[in-house]
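> my questions are about this predicted structure, shown below with the sequence.
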Amino acid sequence: MTRRGLFAPALGLLAAACSPLAMLNTFGPRDGGVRRAARDIAYGDDPRQMMDVFVPTTVPERPWPVLVLFYGGGWDSGDKTHYAWAAQALAARGFVVALPDYRLVPQVHFPAFVEDAALATARVGEIAGQYGADPARLGVIGQSAGAHLALMITLDRRYMAAAGAPGLIKAAVGLAGPYDFLPFDVPASVNAFGRVADPTLTQPVTFARADAPPLWLGHGTADVIVHAEDTTILCERMRSVGGRCESKLYPGLNHADLISTFSPLFRKKAPVLDDATAFLRRELG
């Protein structure tokens with residue numbers, strides 16, 4: 001069976017695999033030294049176009065770099081209230097972190113959720129200074145479908161340009177992301193992307209370019225939902241065109257592990273948080 005044949009059935013499990021992560025918000029321990037500085041900041045008119053902001057309280061450096069964190073959920077599920085623990089983990093490392101919701105299938109289809117990611121990021125650039133952050137040091141980070149959003153708005157110039165903020169993103173991190181998943185032959189991909197005239201325009205790998213912001217991509221070798229080959233393919237494509245991309249494969253980690261290791265409960269399982277934030281600190285200054 002081809003890689004695509006293995007990947008396609010698993011794509012339909014994206015939302016199911018990500019939903020248990022919400023349990024960490026209710027039952028898991030949290031990082032201290034962080035406060036939620038704002039809740040439900042609008043970046044559009046739809047009720048889903050809202051975000052929360054988390055800021056460090058014990059990290060003395062100001063202004064802080066700022067991150068926009070996109071959660072996963074197969075493009076048809078997810079809620080920012082379930083991922084505060086992940087935003088807090090990043091904020092405790094010295095970042096102001098914006099955590100947006102975005103519109104989902106079936107309310108919308110591609111490219112609406114990618115447009116939401118760009119609008120949210122542009123809005124963060126506008127308000128970052130109010131929370132002690134430097135908008136000139138802005139990065140994006142996403143897991144699973146959220147990694148797809150983060151990489152699309154980083155690599156395809158059209159989205160951030162349309163949002164009025166070209167050049168705002170200075171670095172991007174993708175965790176267990178789908179970057180090269182044609183053809184669309186399962187409900188998750190058909191529902192989200194099946195109406196697009198040119199499917200290649202939905203794929204981050206299409207937009208690899210030499211002048212893109214630097215990328216860091218992490219993936220687990222035991223991920224059967226989005227195979228680690230997606231990370232390898234995108235990084236290799238970036239390097240082949242002269243772009244910057246670092247990747248790390250974590251032995252034995254599955255799809256959910258790449259973000260669950262942000263929780264203090266699972267942090268000793270692999271240094272994903274350390275690796276991702278080290279890259280972001282280096283690139284954001």
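Received the coordinates, thanks. Numbering: from 1, shown residues only.
> going forward, measure contacts and count neighbours with C-alpha atoms only.
Noted.
> which helix of the chain spans the most residues?
helix 112-127 (DSSP state H).
> I figured residue 37 hits residue 51, correct?
No - taking contacts as CA atoms under 8 Å, residue 37 lies outside contact range of residue 51: 11.1 Å.
> name the SS class of residue 98, please.
The assignment at residue 98 comes out as strand when based on DSSP: H, G, I helix; E, B strand; the rest coil.
> so what sits opposite it in the bridge?
Under the criterion DSSP bridges, residue 98 forms beta bridges with residue 53, residue 68.
> how many neighbours does it have?
Using other CA atoms under 10 Å, the number of residues around residue 98 comes to 30.
> quick one: it and residue 131, what's the gap?
Distance of residue 98 to residue 131, given as CA to CA, to the nearest Å: 10 Å.
> how about the longest helix of the chain: buried residues?
112-125 (16 or more other CA atoms under 10 Å).
> could you give the angle of that helix to strand 96-100?
Counting by axes from the mean of the first three to the mean of the last three CA atoms, to 10 degrees, helix 112-127 lies at 150 degrees to strand 96-100.
> regarding this structure, what is its longest strand?
Once the chain is assigned using DSSP state E, the strand that runs over the most residues is strand 133-143.
> distance from the chain centre to the very next helix or strand once past it, please.
Downstream of strand 133-143, the first helix or strand assigned by DSSP states H and E is helix 145-155. Here the centre of helix 145-155 is set off from its chain's centre by 6 Å, with CA atoms, centre = their mean, to the nearest Å.
> need the residues that contact helix 145-155.
14, 69-75, 113-114, 117-118, 140-142, 159-160, 169, 172-179, 202-204, 207-209, 212-213 (CA atoms under 8 Å, 6 or more residues apart in numbering).
> taking those one by one, which sit in helices?
Those of the contacts of helix 145-155 lying in helices (DSSP H): 14, 113, 114, 117, 118, 159, 160.
> for the fourth one, what are its contacts?
By CA under 8 Å, 6+ apart, the contact list for residue 117 reads 70, 102, 149, 150, 153.
> of all these, which two lie farthest apart?
102 and 153 (13.7 Å; CA to CA).
> got any ranges where the protein has weak pLDDT?
Scanning the chain for pLDDT under 70 picks out 1-20.
> what ranges do the strands span in it?
So, for the chain - with DSSP E - the strands run 34-42, 50-56, 64-70, 96-100, 133-143, 169-175, 215-220, 245-250.
> pick the most buried one from those strands.
strand 96-100 (a mean of 30; mean count of other CA atoms under 10 Å).
> ok, residues contacting that one?
For strand 96-100, contacts defined as CA under 8 Å, 6+ apart pick out 49-56, 64-70, 80, 84, 87-88, 90-91, 120, 124, 131-133.
> give the contact list for the residue positioned nearest the centre of the chain.
Nearest to the geometric centre of the chain sits residue 142, at 1.1 Å (CA atoms, centre = their mean). Residues near residue 142 by CA under 8 Å, 6+ apart: 69, 70, 71, 72, 148, 149, 150, 173, 174, 175, 177.
> and for residue 119, nearest residue in space, chain neighbours not counted?
Among residues not flanking residue 119 along the chain, residue 163 sits closest, at 5.4 Å (CA to CA, 6 or more residues apart in numbering).
> wait, what's in contact with the one you found?
Applying CA under 8 Å, 6+ apart, we find residue 163 in contact with 115, 118, 119, 122.
> from residue 241, how far off is the second one?
What it means is residue 118. 24 Å.
> check the third one too.
Using CA to CA, we find residue 119 at a distance of 28 Å from residue 241.
> residue 191: neighbour count?
Residue 191 sits with 18 neighbouring residues when counted by other CA under 10 Å.
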